[in-house]
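# need a 3D model of the sequence below.
(2 chains)
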Protein chains: 2
Amino acid sequence: MSIQPLTGIRVVDLTRILSGPFCTMMLGDMGADVVKVEDPPGGDPIRHIGAGHNELSWYFASFNRNKRSICLDLRSTQGLEALKKLLGTADVLVENFRPGVLEKLGLSRGQIAQINPRLIVASINGFGSTGPYAGRPAFDFVVQAMSGFMSVTGERDGAPLRTGLPITDLIAGLYAAFGVVNALRARDLTGQGQRVEASMMNGILSMLAYLASDFLATGAVPAKQGNDHPITAPYGLFMTADGPIAVAPSTDAILRRFLDELGLAALLESDDFKTNTQRVANRKALDGHICAKLAGDTQDNWVRRLNARGVPCGLVQDIGEALRDPQVLHQEMVISVDHPGRGPVEMLGFPVKFSDTPCRIRHPAPDLGAHAAEVFEDWGIPYSLAELEAASCPGG
Amino acid sequence: MSIQPLTGIRVVDLTRILSGPFCTMMLGDMGADVVKVEDPPGGDPIRHIGAGHNELSWYFASFNRNKRSICLDLRSTQGLEALKKLLGTADVLVENFRPGVLEKLGLSRGQIAQINPRLIVASINGFGSTGPYAGRPAFDFVVQAMSGFMSVTGERDGAPLRTGLPITDLIAGLYAAFGVVNALRARDLTGQGQRVEASMMNGILSMLAYLASDFLATGAVPAKQGNDHPITAPYGLFMTADGPIAVAPSTDAILRRFLDELGLAALLESDDFKTNTQRVANRKALDGHICAKLAGDTQDNWVRRLNARGVPCGLVQDIGEALRDPQVLHQEMVISVDHPGRGPVEMLGFPVKFSDTPCRIRHPAPDLGAHAAEVFEDWGIPYSLAELEAASCPGG
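Next comes the predicted model:
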């Protein structure tokens, strides 16, 4: 077995649905031994959500690759006892319960330190585990609204809009995974585990970038701009003979090559368009000149021609077009994973590419509770089949 | 000095603008010793972009905290020589040039292996370093367009829309930082450095979640839905007496509590609204009932009342409201950093919270080239002041 970054790291995964399973998927993709602990009788609700084939949700299959599954009823003494035995030999616990649930299970920081002082406990939640909203239920759409994300997404005079991607869940999951690997390195230095936390709100806030720094420096609140750039023109979607293209000439040199390819370089000598300030003031007129020229050729040709001149430019693709794009396929961002008895499943690939220790599929997503005996044996925990069964049954 | 996860890790940072500096900011926040290598005479273009005070861009100050700066002209023999000396003792090199630039500098994989076989080289680019678009210039807006992100953002019958956040840059930077820390762990196991890569396109694609898995399973392409949930009702923005609130009742139990708090629980007995399928079919009528009730109280009261019932609910906040939100302040997601001679700078805080080894500010963002002599001395590289000056001057 070839080495991966997290080879040998044991992860107990109490997460469900989206942000937590995304975090542990990434740890598994990096080589960690991830054991998904699921509630009897149904397990992770995502098993039963989303399109699929042969009674397998492809959403579940994608987010739970590289994991094994055991069923434990954490409301029973036996189930909780089994969990504690796993934690005794694990490196990482990941959970996305609401703040306080872990403590109610008898797994406060102090209690965990007694079980395993080297354990790293990663929590993912909506707003952080302290503060006035710590107890609030969270949901991606609500966090998109509260964080300011929606206030800069939408047409200039339209409503604030969400994105259809569950972006705040996923960013929180990614930060949690980043936190876990950092905590593993800290443990190498200190010998101690610790608590790590990421939240949907803090994660998306960290991506406000210059929208935040400009507000903090000036007090001026940025507004929605549709697809226009607030301080640069030309920029945006432009119609060609057969559909729109996205063009972002990000520097003066690129802008000159863009207009030159369109036969419009002379505009830069005109008093209406000489400086960026003038171009922003006369954006409509400038866009009119550009669209008149773009109408003379097709999307595909303009994308080819403009990129050849070093002008960032591309099609507006739907999800299907994006996932069948030749570059995306070349980068193996759609992979096919065999699921014995359920057939091959297509899913997203690995976004981090390593030259020597690449991410790979070691297991397909597990059937519910398929690995109980195997995990306890692998992890060297003496446990009889009868004990396991008692821990796994609903109600113990 | 208290330990942090990346204490003792030396990072040579050749990045500029956005995605790369975000990556190295996170490595610095985790305790790494990040040396920003900048081009004379102006350095990172972001020094001169964005609002600020006392001739300091707050955008630059935020993205370059916890870094030191040295100026090297990499077009000169002396500058390149100095860079190679740094790489000889560094753990990580991060760059966000276009693919191929590093090789042109004489830093191909083979050449780097000769300088320092333990060096991790992290690259951030637009579409990945191989494949038909490897050479294309990239820009956040264009990647939002090509990735499918814009195709699921916007009003049902409106244009595809970007978000104002430079989301594809930031996600690429975060994945690169995650990749670097994983590569450091891999190096602990193998003794070898390696190449790590993240791209704007692959990063945002990895966040398509169920939009991807549902397309891959069925071939049906998801469409823009405005703020409606494609398969759940009620869901979205609803007007109250004094403004809209975002409400996302994500399960049947939460929906029942939502309607109960509005005095509308009886609707769930009606044949129009009994099942989710019926509610989606009669979404407009249902939303009408809800808005009629919500008109009877204020935003703030509804947010309080509904959260108290466990219904995910919040205000649509602009960037200013979000950054002054009491929960956001409690979580220290806005911090003030003293910049000697430039005054205090407010900036975004740390999204990953560690109980024992917290992220912190060790240095404010550096003045251009301020640390050349200090870095060479700290890193144990014998180098005269005259040599340093020759390496730092434009044109050597």
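# A:Phe238 looks like it's in a strand, true?
Yes: under the criterion used here (DSSP: H, G, I helix; E, B strand; the rest coil), A:Phe238 sits inside a strand.
# where does chain A have low pLDDT?
A:1, A:395-396 (pLDDT under 70).
# most centrally placed residue in it?
When Cα atoms, centre = their mean is applied to chain A, the residue found nearest the centroid is A:Leu170 (3.1 Å).
# contacting residues for the closest residue to that residue other than its chain neighbours?
Using Cβ to Cβ, 6 or more residues apart in numbering or on different chains and skipping the chain neighbours, the partner closest in space to A:Leu170 is B:Met207 (4.6 Å). Where you see a C-beta, it was placed from the backbone N, CA and C, and this is true even at glycine. Each residue near B:Met207 by Cβ atoms under 8 Å, 6 or more residues apart in numbering or on different chains is listed here: A:165-167, A:170-171, B:171.
# one more time with 10 Å, if that's ok
Shown in contact with B:Met207 (Cβ atoms under 10 Å, 6 or more residues apart in numbering or on different chains): A:22, A:163, A:165-167, A:169-171, A:173-174, A:348, A:351, B:147, B:149, B:167-168, B:171.
# surely A:Leu262 and A:Leu286 touch.
No: distance between A:Leu262 and A:Leu286: 11.3 Å, which falls outside the contact criterion (Cβ atoms under 10 Å).
# quick check: the residue nearest to A:Leu170 is in a strand.
No: counting by three-state DSSP, one finds B:Met207 to be coil, located in no strand.
# with adjacent residues omitted, what lies nearest to A:Cys71?
Take A:Cys71 and drop its neighbours on the chain: the residue closest to it by Cβ to Cβ, 6+ apart is A:Gly369, 3.6 Å away.
# can I assume the one you found is in contact with A:Arg47?
No: because the distance of 11.3 Å does not satisfy Cβ under 10 Å, A:Gly369 is recorded as not touching A:Arg47.
# the two: who's more crowded?
Set side by side, A:Gly369 and A:Arg47 show unequal neighbour counts under other Cβ atoms under 10 Å in any protein chain shown, the larger going to A:Arg47 at 22 against 19.
# could you check the distance from A:Ser153 over to chain B?
If you look again at residue A:153, you'll see it is Thr, not Ser. 4 Å (Cβ to the nearest Cβ, to the nearest Å).
# A:Glu155 now?
Using Cβ to the nearest Cβ, A:Glu155 is found at 7 Å from chain B.
# does that residue really touch B:Thr153, like I thought?
No: taking Cβ under 10 Å as the contact criterion, A:Glu155 and B:Thr153 are not neighbours in contact, 11.4 Å apart.
# common neighbours of the two, please.
With contacts defined as Cβ under 10 Å, 6+ apart, the residues adjacent to both A:Glu155 and B:Thr153 are A:161, B:159, B:161.
# now the first one. Nearest residue, chain neighbours left out?
Ranked by Cβ to Cβ, 6+ apart and with sequence neighbours excluded, the top spatial neighbour of A:Leu161 is A:Gly154, at 4.1 Å.
# the one you found - how many residues pack around it?
A:Gly154, neighbours per other Cβ under 10 Å, totals 25.
# correct me if wrong: it contacts A:Gln225.
Yes: contact criterion Cβ under 10 Å: A:Gly154 and A:Gln225 qualify, at 8.9 Å.
# quickly list what's touching both of these two.
B:161, B:164.
# would you list every one of the helices in the stretch 251-396 of chain A?
Defined through DSSP state H, counting those that start in this stretch, the helices belonging to the stretch 251-396 of chain A, from first to last, are A:252-261, A:276-281, A:283-294, A:299-308, A:319-323, A:326-330, A:372-378, A:385-392.
# buried deepest among these, which one?
Among those, helix A:319-323 has the highest mean neighbour count (mean count of other Cβ atoms under 10 Å in any protein chain shown), at a mean of 22.
# can you tell if that one touches chain B?
Yes: Helix A:319-323 comes into contact with chain B (Cβ under 10 Å from any Cβ of the partner chain), by way of A:319-323.
# just list what that helix packs against, helices and strands only.
helix A:326-330, helix B:140-146, helix B:200-205, helix B:209-218 (3 or more Cβ pairs under 10 Å, 6 or more residues apart in numbering or on different chains; DSSP states H and E).
# which residues in chain A form strands?
Assignment of strands within chain A using DSSP state E yields the ranges A:10-13, A:33-38, A:52-53, A:56-57, A:67-71, A:92-95, A:120-125, A:195-199, A:236-239, A:244-247, A:313-315, A:334-339, A:343-348, A:353-354.
# pull up the pairing partners for the fifth one, direction included.
When you say that, I think you mean strand A:67-71. Here strand A:67-71 is paired, per DSSP bridges, with strand A:33-38 (parallel).
# starting at the chain centroid, how far to the partner strand?
Strand A:33-38 has its C-alpha centroid displaced from the chain centroid by 19 Å (Cα atoms, centre = their mean, to the nearest Å).
# tilt between that strand and helix A:385-392?
Going by axes from the mean of the first three to the mean of the last three Cα atoms, to 10 degrees, strand A:33-38 is angled at 60 degrees with respect to helix A:385-392.
# buried stuff in strand A:33-38?
By neighbour count, and taking 16 or more other Cβ atoms under 10 Å in any protein chain shown as the criterion, the buried residues in strand A:33-38 are A:33-38.
# please name the bridge partners of the residue nearest to A:Ala370 when sequence neighbours are not counted.
Once flanking residues are discounted, A:Ala370 sits nearest to A:Ser69: 5.5 Å by Cβ to Cβ, 6+ apart. With beta bridges defined as DSSP bridges, A:Ser69 has these partners: A:Lys36.
# now do the contacts for A:Ser69.
Applying Cβ under 10 Å, 6+ apart, one finds that A:Ser69 lies in contact with A:13, A:34-38, A:43-44, A:47, A:363, A:365-372, A:375.
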